[in-house]
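> here is a sequence with its predicted model. Questions after.
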Amino acid sequence: MVEQAESARRPPSLARAGGTMAIATIVSRITGLAAKVVLVAVLGLGMVNDSYTVANTLPTVVNELLLGGVLTSVAVPLLVRAQQRGERDGESYAQWLITTGGVLMAAATVLAVAAAPLLTALYLGADTRANTALTTAFAYLLLPAILFYGLSALLSAVLNARHVFGPPAWAPVLNNVVVLATAGVFVLLPGTISLDPVRMGEPKLLVLGIGTALGIVAQSLVVAVALRRTGFRYRWRWGWDHRLGEFASLAGWVVLYTLISQLGMIVTTRVGAQGTEGSVATFTYAWLLSQVPYGVLGVSLLTALMPRISRSATDPDSREFVSDLSLGTRMSAVLLLPISALMLVAGGSLGIAFFSLGNNGIAAADRLGATIGVCALGIVPFAITMLQLRAFYAMKDARTPTIINLIMVGFRTALCYLFLATTDPQDLVVGVALAMSLSFVVGALVGQFWLSARVGGIRTRRTGLSILRALAVTAVACCCAVAADAAISAALGTTGVIAGAWLTLVVDGVVVLAVSFGGLLLVKAPEMEPVRAALQRRR
């Protein structure tokens, strides 16, 4: 019995934990992609979708400002340390976090709903082409989801600290299913959403707003049930916790970090909203879709690595810390570069294949695809930046990531306003996407040098060689895909645009991924050793 109890508390292997989350995340991303495709088909890429997208962003913004960023970055390391001091200590600390965080999020929800018109004005500005009144109406319906975003993040942090990774990864699937059902009901209802004037009681508006919010409620319930099944029992725990000082010293910097991020998001939203109608929705969907590979591979790797990094960061001997950090950086680059390259090469085809449906034309879908391709440039540096961020937090340093984020947002803001002054409104959304991607390149470089100086070297040379090797191989793959695209274009001409987009997307996918990963195997990239070993065992 003792051996079984110890086995239950033993953390799962990185491969097992990462594999479990990867499967759940793949399903989550597929259903999420389906939900986005359906929403774009139903709402189009115009004013209504712009308004809905901005309003749907507001609950996540408030949640991140108050709690979400703190939990994903600071709470897991502190919960892990509390667990190391004993099961009772870990549970009491988790109860205190849930009580304090839940009350904070409930108060924030009430205040945010009351301030919905102010939040809308802040994000859209005076020069927007979105509909401010419709955005505010959606905001009133969607902002109550703040409480459930917060609860989902709180309970997921507790589960992760207990080495339970599956349910938080599966929970968004139910959210996506609810959104798909909401879109179906929206289509079946007669009439349209009125823009002038906007009527709060319209059935279509209510269904879309309330249905989207119910998806977040369902997601938080899945996580709550999973936590209870681990044996955790919640009770209210008020008052001062002796670890509050440690939490507050880190959380203050994380809140500042998140505030800087949201100021950057306000800039990108305001600048994008001055482009053509639908630019805000186009950028938002493109960025979210470009994050699918990171969500499947990067988040799974990061979530599985985080408890290990948190433990090794407390050890005076930093070899384990450096090893885990180097591994995470190299694996992120090697796994994500080929997929990033595919989205860059096949972005236009992807947009036309998936989004030239319903209320959208080829031109709007092609612009969305081009924006996806530019956003894909930032996938690898974004993944590396997120890993570096968690490494600093594991060392109880929340100040340095905040400074790095300030550098990134300052760089991004300057580029956005440069593109606003020099770019045609129709192409402005692509400029905003490029500014976002390049800002993460700057962040990854600054973070790498800062971490290296902090711990006396983090195998930068080895990491750089791995990235250069992967870049060279994916460049060859991209050249092969471009040649294949030219052949397809010559064969099809101007006929069958959508069919041609699907054919190009499939061919590009096969060529880029096969040449990239096959090339990495041929050059004997160390990061591909587990795959090479598995293939050899099958011979």
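The structure has been received and is ready for your questions.
> quick check, pLDDT for Arg199.
Per-residue pLDDT puts Arg199 at 82.
> in terms of helices and strands, where is the closest residue to it other than its chain neighbours?
Take Arg199 and drop its neighbours on the chain: the residue closest to it by C-beta to C-beta, 6 or more residues apart in numbering is Leu205, 7.4 Å away. All C-beta spots, glycine's among them, are computed from the backbone N, C-alpha and C. Element membership for Leu205, per DSSP states H and E: helix 203-229.
> quick check: next helix or strand after that helix?
Immediately after helix 203-229, counting by DSSP H and E, sits helix 244-272.
> could you say what helices and strands that following helix packs with?
Using 3 or more C-beta pairs under 8 Å, 6 or more residues apart in numbering; DSSP states H and E, the elements in contact with helix 244-272 are helix 47-63, helix 69-70, helix 76-84, helix 116-124, helix 279-290, helix 399-422, helix 428-455.
> what angle separates the last one from helix 244-272?
With axes from the mean of the first three to the mean of the last three C-alpha atoms, to 10 degrees as the basis, helix 428-455 and helix 244-272 are set at 150 degrees to each other.
> okay, buried residues for helix 428-455 please.
Residues of helix 428-455 classed as buried: 428-444, 446-448, 450-451 (neighbour count, 16 or more other C-beta atoms under 10 Å).
> does anything pack onto it? Which helices or strands?
helix 244-272, helix 279-290, helix 319-345, helix 362-376, helix 379-394, helix 399-422, helix 460-492.
> hmm, 6 Å instead?
Where contact means 3 or more C-beta pairs under 6 Å, 6 or more residues apart in numbering; DSSP states H and E, helix 428-455 is packed against helix 244-272, helix 279-290, helix 362-376, helix 379-394, helix 399-422.
> which of those helices has the lowest average pLDDT?
Among these, helix 244-272 carries the lowest mean pLDDT, at a mean of 78.
> ok, Val322 to Leu256 distance?
With distances taken as C-beta to C-beta, to the nearest Å, Val322 is found 28 Å from Leu256.
> let me fix that: Leu180
Per C-beta to C-beta, Leu180 is found 37 Å from Leu256.
> outside of stretch 444-460, which residues touch it?
Contact with stretch 444-460 is made by Ser318, Val322, Leu325, Ser326, Pro381, Ile384, Thr385, Gln388, Ile404, Ile407, as judged by C-beta atoms under 6 Å, 6 or more residues apart in numbering.
> that one - what's its average pLDDT?
83.
> and that stretch, C-alpha only, in PDB?
Extracted in PDB, the C-alpha atoms of stretch 444-460 (Å, rounded to 0.1, in the frame of the first residue of the first chain):
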ATOM      1  CA  ALA A 444      13.700  35.500 -27.300                       C
ATOM      2  CA  LEU A 445      17.100  36.900 -28.000                       C
ATOM      3  CA  VAL A 446      17.100  39.300 -25.000                       C
ATOM      4  CA  GLY A 447      15.800  36.500 -22.700                       C
ATOM      5  CA  GLN A 448      18.500  34.000 -23.900                       C
ATOM      6  CA  PHE A 449      21.400  36.400 -23.200                       C
ATOM      7  CA  TRP A 450      19.800  37.500 -19.900                       C
ATOM      8  CA  LEU A 451      19.400  34.000 -18.700                       C
ATOM      9  CA  SER A 452      22.900  33.000 -19.800                       C
ATOM     10  CA  ALA A 453      24.300  35.900 -17.700                       C
ATOM     11  CA  ARG A 454      22.100  35.000 -14.800                       C
ATOM     12  CA  VAL A 455      23.100  31.300 -14.400                       C
ATOM     13  CA  GLY A 456      26.500  31.400 -16.000                       C
ATOM     14  CA  GLY A 457      25.600  29.800 -19.400                       C
ATOM     15  CA  ILE A 458      22.600  27.900 -20.700                       C
ATOM     16  CA  ARG A 459      24.300  26.100 -23.500                       C
ATOM     17  CA  THR A 460      23.600  28.900 -26.000                       C
END
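> please state the offset of it from the chain centre?
24 Å (C-alpha atoms, centre = their mean, to the nearest Å).
> over to stretch 491-505?
Here the centre of stretch 491-505 is set off from its chain's centre by 31 Å, with C-alpha atoms, centre = their mean.
> ok, residues contacting that stretch?
Residues outside stretch 491-505 that contact it (C-beta under 6 Å, 6+ apart) are Ala346, Ser349, Leu350, Ile352, Ala353, Ser356, Ile362, Asp485, Ile488.
> same check, this time on stretch 276-286
Here stretch 276-286 makes contact (C-beta under 6 Å, 6+ apart) with 36, 45-47, 49-50, 53, 129, 272-273, 368, 371-372, 375, 425-426, 429, 432.
> now that stretch: how far from the chain's centre is it?
On C-alpha atoms, centre = their mean, the centre of stretch 276-286 falls 17 Å from the chain's centre.
> out of the helices and strands packed on helix 244-272, nearest to Leu227?
With C-beta to C-beta as the criterion, Leu227 lies closest to helix 76-84 of the helices and strands packed on helix 244-272, at 12.3 Å.
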